[in-house]
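Q: Test case, fold it:
(2 chains)
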Amino acid sequence: MDSVTVAYQTYGTLNADRSNAILLCHALTGDQYVADPHPITGKPGWWNDLVGPGRLFDTDRYFLICSNVLGGCMGTTGPKEVNPATGKPWGQDFPIITIGDMVQVQARLVDHLGIDQMFAVIGGSMGGMQVLEWCASRPERVFAAIPIATAARHSAQNIAFNEVGRQAVIADPEWREGRYMDHGTKPRRGLAVARMAAHITYLSEPALHRKFGRNLQGDRDAFEYGFGAEFQVESYLRHQGSTFVDRFDANSYLYITRAMDYFDLAAEHGSLANAFKGTKTRFCVVSFSSDWLFPTVESRAVVHALNAVAANVSFVEIQSDKGHDAFLLDEPEFHATLSGFLEAAAVRRGLPPAGSKGETP
Amino acid sequence: MIMSIGSLRVDLRLIADMVETGSRVLDVGCGDGTLLAWLGRHKDVDGRGIELSMAGVSAAVAQGLSVIQGDADTDLKDYPSGAFDTVILSQTLQATYEPKTVLNHMLRIGRRAIVSFPNFGHWRVRLSLALNGRMPVTDTLTYQWYDTPNIHFCTIHDFLALCDELGITVERAIALDGKGGVLPFDGDGPLANLFATQGLFVLSRAG
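A: Residues are numbered from 1 along each chain as shown, chains lettered A, B, ... in the order given. Below is the predicted model:
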């Protein structure tokens, strides 16, 4: 691939010595619209409430960058964009990509913006994998790192879930060997099923029970004894599936889930501790107690590796029953932890304290 | 109740005074990080902490300290040898599953260790068991037998015998009263074993 287009958003202003940049890394189906309404769905950005003047990611003090990942479908080069060699969408001709490739593209963007070292690189889930990849491959460019609800390698169970999603897409006749765009169609049903299955893994039984229980759909008070959406949880999942299809490309879903599957920092570096050897980055690792997709044990493995190289690391497992998605939700203890860590790191980096509007003291 | 001076508990202040300026410190069972914060502010210490409770860890991290959620039994093994100048274990030894392993790890990853624990040889404890025939519940040992996290109680003499067995050098031994004040007799003598509410020890290992 000769050239890559990167779609990105920024918030706040880069300071004179270019030391206040924060790179936010989005998750599998996220995008660069961290704090803007989504251009297709109109919904608020995925960390909308955390970004702004005086907020956790204080736009008066920090310069926030978020780019759509390589292989994505919101403007960065991916399977739905046109392959210059053929004049047609890449489709399945798009090369297989890795988390390392995504980070390499982000690094080129950061170069382009004239930033040597980022103050912080932050992300949850697949975004957290990118954070860890940054720290392993380009440690000198990351002053502080916050990998959230993530892992240094994709587990067998998670590869299995991804495979279910991919097979659902591939089994849809409208997928047409990945060339659906040439036929002006979409594997809607397959991608929707993939999203439904994945969505369950982002939640937890208590969260599902609290939201829906065994409640029936609409104003029904009895079963209809059929295969329509009897239960509220079914119609919720169907809705999640069908709205996802409107905003996400099926081939992107295949390529990005594959990139997650390949991720294994320990295998790449001999051992996980080796991946972080000599690091000077300050780490804050966060997990959530009810997350069964990226359970706390995965974060602990990262923490143990960081301890083994005497890295500067904080780690907390936030008590929450909201499952993996907790990192996108209102979790005051989580936000207080991030805020404290960032403030202390800002002092170490010589950035002005909170409330100072970015002026040098 | 334990008194505090300048917002630091008396026994913690004693420990803080033993820590060298600018040194690397690991506080095992650091709670909300009070001691680490004090050491960072007053002694320019590069401090790290391990704490079991989420509330403690988030309070510590929220004030900018480097603290991980974990415990002495499971998390000390990962640290490289000689990573710290001082490893502190304050009022936690009696709650560990494997006190021997914990002490060995402390002196592997730290040049020296500072350990404090409640003395089960205190006369009130002895009297309570001898006269009442009940497990002692005192001002400093407030738990009932069935809900105590303290699973490995020892007396000061028990502890010294263990140090001897493990080849650990006791550099300093200090006897403390229930308020954390220093008692005027040898921290490793028979008076300490009978009258000290807590023992505070600085340990090292030759070679």
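
Q: Is the residue of chain B found nearest chain A part of a helix or strand, or is it coil?
A: Using Cβ to the nearest Cβ, the single residue of chain B nearest to chain A is B:Gly64, 2.7 Å away. Where C-beta positions appear, they are placed from N, C-alpha and C, glycine not excepted. Following DSSP: H, G, I helix; E, B strand; the rest coil, we place B:Gly64 in the coil state.

Q: Same check on A:Ala259?
A: helix.

Q: and it, how many neighbours?
A: If you count neighbours by other Cβ atoms under 10 Å in any protein chain shown, A:Ala259 ends up with 24.

Q: With the one 10 residues further on instead?
A: Neighbour count for A:His269, taken as other Cβ under 10 Å: 17.

Q: And it, its phi and psi?
A: The phi and psi values for A:His269, taken as degrees, to the nearest 10, are phi -110, psi 10.

Q: I figured the residue of chain B closest to chain A hits A:Pro353, correct?
A: No - assessed by Cβ atoms under 8 Å, B:Gly64 is found out of contact with A:Pro353, at 11.4 Å.

Q: Need the pLDDT of B:Gly207.
A: With respect to pLDDT, B:Gly207 scores 60.

Q: Over to B:Thr142?
A: 87.

Q: Count the neighbours of A:Asp49 for me.
A: 14.

Q: Check the one 3 residues further on too.
A: A count of neighbours around A:Gly52, defined by other Cβ under 10 Å, yields 15.

Q: pretty sure A:Val285 belongs to a helix, no?
A: No - according to three-state DSSP, A:Val285 belongs to no helix; its state is strand.

Q: That one touches A:Glu317, doesn't it?
A: No - if you go by Cβ under 8 Å, A:Val285 and A:Glu317 don't touch, sitting 9.4 Å apart.

Q: In terms of neighbours, single out the busier of those two.
A: Set A:Val285 next to A:Glu317 and count neighbours by other Cβ under 10 Å: A:Val285 wins out with 28 against 21.

Q: Could I get the pLDDT score of that one?
A: For A:Val285, pLDDT reads 98.

Q: mind checking pLDDT for the residue lying closest to it once chain neighbours are set aside?
A: Take A:Val285 and drop its neighbours on the chain: the residue closest to it by Cβ to Cβ, 6 or more residues apart in numbering or on different chains is A:Phe315, 4.4 Å away. Among the per-residue scores, A:Phe315 shows a pLDDT of 97.

Q: Which strands or helices does the strand or helix carrying A:Phe315 pack on?
A: Assignment of secondary structure by DSSP states H and E places A:Phe315 within strand A:312-318. Under the contact definition 3 or more Cβ pairs under 8 Å, 6 or more residues apart in numbering or on different chains; DSSP states H and E, strand A:312-318 sits against strand A:282-288, helix A:296-308, helix A:332-349, helix B:54-62, strand B:66-69.

Q: okay, A:Lys357: pLDDT?
A: 56.

Q: before we move on, what about A:Gly218?
A: Looking at A:Gly218, its pLDDT is 83.

Q: tell me the secondary structure for it?
A: Per three-state DSSP, A:Gly218 ends up coil.

Q: Could you pull up the residues touching it?
A: Residues in contact with A:Gly218 (Cβ atoms under 8 Å, 6 or more residues apart in numbering or on different chains): none are found.

Q: Distance check, it against A:Gly228.
A: Between A:Gly218 and A:Gly228 the computed distance is 10 Å (Cβ to Cβ, to the nearest Å).

Q: before we move on, back to that, joint contacts of B:Gly64 and A:Pro353?
A: In contact with both B:Gly64 and A:Pro353: A:Glu343, A:Val347, using Cβ under 8 Å, 6+ apart.

Q: and the gap between the closest residue to B:Leu65 other than its chain neighbours and B:Lys43?
A: In this structure, B:Leu65 finds its nearest non-sequential neighbour in B:Gly33, 4.3 Å apart by Cβ to Cβ, 6+ apart. According to Cβ to Cβ, B:Gly33 and B:Lys43 sit 14 Å apart.

Q: now do A:Thr201
A: From A:Thr201 to B:Lys43 the distance is 47 Å (Cβ to Cβ).

Q: Looking only at neighbour counts, state which of the two leads.
A: A:Thr201 (20 against 16).

Q: mean confidence for the one helix or strand the more buried one maps to?
A: Assigned by DSSP H and E, A:Thr201 belongs to helix A:188-202. For helix A:188-202, mean pLDDT rounds to 98.

Q: mind listing what the closest residue to chain B within chain A touches?
A: Residue nearest to chain B within chain A: A:Ala344 (2.7 Å; Cβ to the nearest Cβ). Going by Cβ under 8 Å, 6+ apart, A:Ala344 touches B:Gln63, B:Gly64, B:Leu65.

Q: and with 7 Å instead?
A: A:Ala344 sits next to B:Gly64 when contact means Cβ atoms under 7 Å, 6 or more residues apart in numbering or on different chains.

Q: Spell out which residues of chain B are next to chain A.
A: B:54, B:57-58, B:61-64, B:66-69, B:78-80, B:83 (Cβ under 7 Å from any Cβ of the partner chain).

Q: out of these, which are buried?
A: For the residues of chain B next to chain A, a burial check counting by 16 or more other Cβ atoms under 10 Å in any protein chain shown picks out B:54, B:57-58, B:61-64, B:66-69, B:78-79, B:83.

Q: quick one: pLDDT of the residue nearest to A:Gly12 when sequence neighbours are not counted?
A: Excluding the flanking residues, the one nearest A:Gly12 by Cβ to Cβ, 6+ apart is A:Thr59, at 3.8 Å. What the model reports for A:Thr59 is a pLDDT of 97.

Q: which residues are contacting stretch B:96-103?
A: In contact with stretch B:96-103 (Cβ under 7 Å, 6+ apart) are residues B:Ala72, B:Asp73, B:Leu76, B:Leu93, B:His152, B:Leu162, B:Leu166, B:Ile168.

Q: likewise stretch A:233-240?
A: A:Arg195, A:Met196, A:His199, A:Leu208, A:Phe212, A:Gln217, A:Ala229.

Q: What separation do you get for the closest residue to the first one other than its chain neighbours and A:Ile200?
A: Using Cβ to Cβ, 6+ apart and skipping the chain neighbours, the partner closest in space to A:Arg195 is A:Phe244 (4.1 Å). Noted for A:Phe244: a distance of 13 Å to A:Ile200, by Cβ to Cβ.

Q: Compare neighbour counts for those two and give me the winner.
A: When neighbours are counted by other Cβ under 10 Å, A:Phe244 and A:Ile200 differ, and A:Phe244 comes out ahead with 20 against 17.

Q: Secondary structure of that one: a strand, I assume?
A: No - counting by three-state DSSP, A:Phe244 is not found in a strand; it is helix.

Q: Do I have it right that it meets A:Met196?
A: No - using Cβ atoms under 7 Å, A:Phe244 is not in contact with A:Met196; the gap is 8.7 Å.
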